[in-house]
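J.: Here you go, sequence then predicted model.
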Amino acid sequence: MKRQLIALSLLVAVTAYPQKKKATKTTIKPRAEFVSELMSKMTLDEKIGQLNLPTSGDITTGQSNSWDIAKKIEEGKVGGLFNIKTVAKIRDVQKLAVEKSRLHIPMIFGMDVIHGYETVFPIPLGLSCSWDMAAIEKSAQIAAREATADGINWTFSPMVDICRDARWGRIAEGSGEDAYLGSRIAEAMVRGYQGKDYSTGTTMMSCVKHFALYGAAEAGRDYNTTDMSHIRMYNEYFPPYKAAFDAGAGSAMASFNEIDGIPATGNKWLLTDVLRKQWGFKGFVVTDFTGIPEMIEHGMGDLQTVSALALTAGVEMDMVGEGFLTTLKKSLDEGKVTMAQIDNACRLILEAKYDLGLFEDPYKYCNLDRAKTEIFTKSNRDIARKIAAESMVLLKNDKQTLPLKKSGTIALIGPLADAKENMGGTWSVAGRMNDNISLLAGMKAVAGNSAKILYAKGSNLDYDAKFEENATMFGKTLHRDSRSPEVLLKEALDIAGQADVIVAAIGESAEMSGESSSRTNIEIPQAQKDLLQALVKTGKPVVVVLFNGRPLALVDEEKSATAILDVWFSGSESGYAISDVLFGAVNPSGKLTTSFPRSVGQVPIFYSAKNTGRPLSNKEGKFEKFRSNYIDERNEPLFPFGFGLSYTKFEYSNLKISSNKVGMNDTFTVSVDVTNSGNYDGAEVVQLYIRDLVGSVTRPVRELKGFNKTFLKKGEKKTVTFNLSAEDLKFYNSDLQFVAEPGAFQAFVGTNSNADMKVDFELTK
């Protein structure tokens with residue numbers, strides 16, 4: 001969505017309205033009866049008003065303007081608001097709806113609670129690298145508890161778009177490239193936000209976005225066209241959306257991109273045929289920010305035409321565009337929409353409000369005591385610190401440089417070393433940037449007096465000041481140093497000369513990824529590359545602490561650095577969590593959920609590709625004429641999906657399958673022994689991949705079908721078992737039937753998608 005929280009103040013002084021009486025919870029009729037009775041009293045204008053979702057503040061991104069919101073609320077022309085924060089403000093605005101409007105219908109209040117509220121967790125891409133569904137669910141649960149304590153009851157999350165193109169900035173908001181893992185994470189996020197009942201007051205309604213295929217935008221350019229076959233949609237991109245809806249998500253958000261030549265916001269096949277008829281979705285669909293009027297630029301017609309198109313397609317709520325509010329009445333008179341369509345949209349939104357408990361108590365999310373005691377608590381931050389450490393991925397560790405010793409002198413150098421404003425990453429709109437823990441502060445706190453920490457900035461983010469300005473928006477400044485690059489580098493080398501080991505804090509700033517942050521160059525900015533090479537030339541061990549919101553091309557860094565720890569943007573407690581890993585209090589266990597390309601020219605790149613008729617025959621990546629490869633680069637990524645090192649060593653042995661012939665109604669197991677043969681306790685993500693060797697349509701070379709995060713003490717051995725059935729072997733065929741086909745299969749188990757231990761089996765009729 002084209003919005004960042006720039007201002008939270010309302011445009012009108014709603015606090016002037018006195019509260020008539022103390023809010024009390026009332027007992028009401030069953031939902032269907034209650035909503036029907038309410039709708040029987042509503043005018044056409046009031047019904048259309050429920051479909052209107054303006055923003056509360058003076059946000060000016062996209063095509064939005066400012067409105068006299070209070071007057072519209074009193075007239076029953078607003079169904080909800082977003083980007084308003086704090087119980088006091090939300091309560092005052094809710095009073096307008098329930099005390100000033102004719103029918104006293106409460107509003108819903110939404111916000112982009114993407115990876116935490118005031119307590120910020122790692123960006124979703126980083127969070128996914130934990131492969132820990134309990135931790136991911138817990139992060140959403142804490143986010144919901146904090147947000148609802150501050151008056152918010154609807155989050156525009158989870159984003160479950162599959163993305164295989166590192167150029168697309170919004171890859172930071174999703175869970176990577178894989179449909180199976182993405183589906184499990186989608187379920188966990190919905191459970192965390194909504195619990196078993198999202199009317200408790202401490203849970204909130206989730207909104208699955210962006211439906212659909214937004215992560216496959218052409219050229220990795222935001223808001224761009226998406227074009228793919230239906231068989232690919234169903235097999236590779238749709239599963240996480242469906243998993244989230246099956247988990248009970250209450251709402252969905254239409255995506256900006258077009259599909260089959262029709263923008264998603266106006267695509268009836270997508271929003272009605274697939275979402276409702278095939279998948280049975282019962283919630284409501286909201287547009288993305290100005291999604292309806294943006295269809296004008298797509299070439300779909302004027303505002304009245306595209307608004308009617310959206311309603312007919314299956315959109316119930318218009319975010320910011322006001323196309324519904326200003327044109328639906330005319331379209332009804334002209335027969336371009338029906339009363340049944342308007343009634344259906346209104347009913348779905350009222351049902352959501354009922355399910356949130358707002359008709360029983362419009363102020364149930366407006367408890368000042370909760371707001372004072374449940375937000376940004378120490379216990380929440382402690383959990384965020386633990387989860388952040390679990391999300392980090394060790395990409396290289398030559399000579400066992402990590403973990404660092406808490407002794408001697410450590411030089412911390414780089415533009416992201418003392419950058420607390422950037423630690424939350426993109427879409428941390430409610431975060432308390434000034435309370436984030438920088439790496440410098442974290443290392444000093446964790447090392448204590450045992451090690452001497454010296455600091456120098458070393459370089460700016462980029463040589464280009466304008467680029468840095470664009471990459472540090474929304475208050476996430478890096479405090480650009482006005483000194484020359486030569487002076488900055490000299491200071492850094494002086495510091496490095498005094499140290500036993502160098503920690504280089506480099507990479508992207510928080511807003512170099514995220515919405516409208518597509519990049520054609522996915523390398524580290526040149527200023528930092530030059531800094532790193534100068535540090536490497538000192539001959540001292542150099543540990544790269546990599547900040548990033550996307551996969552980066554790191555061929556040079558992988559060659560030259562002694563160790564690389566990918567920390568993403570780890571949230572409020574970043575500095576502490578990174579230091580916990582650097583100094584060995586936490587053994588890194590993160591695994592990549594997206595392939596890291598060697599070059600931008602390889603993207604889109606992903607592990608579950610299909611063979612061509614002329615696959616590369618050698619495993620060394622050497623060029624072969626008349627084979628599917630490049631003349632100037634290898635085929636494989638620098639770091640594959642599922643990759644991640646540990647301070648300890650894990651050995652796999654004794655791979656077994658319970659039966660080499662499996663019937664359609666059978667269950668079977670694949671098991672493997674995993675031994676921690678190193679010197680540290682640690683957790684390993686054991687991964688199971690399947691290959692369907694012959695199919696009625698071409699099948700991927702590998703597909704993730706199971707994973708198990710297993711903790712082992714040093715010297716310990718465990719047997720990890722995966723339970724499978726024919727259901728796990730199903731796919732959508734050319735008729736879009738979900739089938740398992742008899743034939744030969746292989747199962748691979750190991751530490752990443754290149755796992756080489758395998759067993760063969762056959763699925764029989």
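T.: That came in fine, so what should we check first?

J.: Give me the mean pLDDT for stretch 216-223.
T.: Averaging pLDDT along stretch 216-223 yields 97.

J.: Repeat that for stretch 80-88.
T.: The pLDDT scores in stretch 80-88 average 93.

J.: Need the contact partners of that stretch.
T.: 3, 5, 8, 10, 15, 53-57, 59, 69, 90, 93, 107-112, 149-152, 154, 156, 317, 319, 349, 365-368, 370-371, 429-430 (Cβ atoms under 8 Å, 6 or more residues apart in numbering). From N, CA and C alone the C-beta is placed, and that goes for glycine too.

J.: Give me the distance from it to the chain's centre.
T.: Relative to the mean C-alpha coordinate of its chain, stretch 80-88 is positioned 22 Å out (Cα atoms, centre = their mean, to the nearest Å).

J.: Please point out which parts of that stretch sit buried.
T.: 80, 81, 82, 83, 84, 85, 87 (16 or more other Cβ atoms under 10 Å).

J.: Pull up the gap between the second one and residue 69, please.
T.: What that stands for is residue 81. Shown here: residue 81 relative to residue 69, a distance of 7 Å by Cβ to Cβ, to the nearest Å.

J.: Repeat that for the fifth one.
T.: Separation of residue 84 from residue 69 (Cβ to Cβ): 10 Å.

J.: In three-state terms, label residue 762 for me.
T.: Put simply, residue 762 is strand when judged by DSSP: H, G, I helix; E, B strand; the rest coil.

J.: The residue nearest to residue 347 when sequence neighbours are not counted: neighbour count?
T.: Spatially, and ignoring its direct neighbours in sequence, residue 347 is nearest to residue 35 (5.8 Å; Cβ to Cβ, 6 or more residues apart in numbering). Counted with other Cβ atoms under 10 Å, residues neighbouring residue 35 total 20.

J.: Please name the residues that touch residue 35.
T.: Applying Cβ under 8 Å, 6+ apart, the residues near residue 35 are 347, 350, 351, 354.

J.: check which helix or strand covers it.
T.: Residue 35 is part of helix 31-41, with elements assigned from DSSP states H and E.

J.: again, but for residue 655
T.: Counting by DSSP H and E, residue 655 is part of strand 650-657.

J.: Among the contacts of residue 35, which one is most surrounded by other residues?
T.: Greatest neighbour count in the contacts of residue 35, by other Cβ under 10 Å, goes to residue 350: 24 neighbours.

J.: any idea of the mean pLDDT in the helix or strand that contains that one?
T.: If you go by DSSP H and E, residue 350 is part of helix 339-355. Regarding helix 339-355, the rounded mean pLDDT is 98.

J.: next helix or strand past that helix?
T.: On the C-terminal side of helix 339-355, the nearest following helix or strand under DSSP H and E is helix 368-373.

J.: Check the contact between residue 528 and residue 509; I expect there is one.
T.: No: under the criterion of Cβ atoms under 8 Å, residue 528 is not in contact with residue 509, lying 10.7 Å apart.

J.: show me where the stretch 101-250 of the chain has strands.
T.: Ranges of strands within the stretch 101-250 of the chain are 108-111, 154-155, 205-211, based on DSSP state E, counting those that start in this stretch.

J.: related to what we said a few turns ago, tell me, what's touching residue 81 and residue 69 both at once?
T.: By the contact definition Cβ under 8 Å, 6+ apart, residue 81 and residue 69 are jointly contacted by 54, 56, 93.

J.: Pull out the buried positions in the helix-or-strand element of the chain with minimal mean pLDDT.
T.: In the chain, no helix or strand scores lower on mean pLDDT, DSSP states H and E than helix 69-74, which sits at a mean of 91. By neighbour count on 16+ other Cβ under 10 Å, the buried set for helix 69-74 is 69, 70, 72, 73, 74.

J.: same check, this time on stretch 641-658
T.: For stretch 641-658, using 16+ other Cβ under 10 Å, the buried residues are 641, 642, 643, 644, 645, 646, 647, 648, 650, 652, 655, 657.

J.: Isn't residue 218 up against residue 168?
T.: No: if you go by Cβ under 8 Å, residue 218 and residue 168 don't touch, sitting 10.0 Å apart.

J.: Of the two, which one has the most company?
T.: residue 168 (29 against 12).

J.: ok, so what distance separates the more buried one from residue 547?
T.: Residue 168 is 18 Å from residue 547, by Cβ to Cβ.

J.: Does the strand or helix carrying residue 686 pack against any helices or strands, and if so which?
T.: Here residue 686, judged by DSSP H and E, is contained in strand 682-692. Secondary-structure packing of strand 682-692 (3 or more Cβ pairs under 8 Å, 6 or more residues apart in numbering; DSSP states H and E): strand 650-657, strand 667-676, strand 703-712, strand 743-750.

J.: If you count neighbours, what's buried in the third one?
T.: In terms of neighbour count (16+ other Cβ under 10 Å), strand 703-712 has its buried residues at 703, 704, 705, 706, 707, 708, 709, 710, 712.

J.: what is the second one paired to in the beta sheet?
T.: Right, the one you point to is residue 704. In this entry, residue 704 is beta-bridged to residue 689, by DSSP bridges.

J.: residue contacts, it?
T.: 178, 180, 181, 608, 642, 687, 688, 689, 753.
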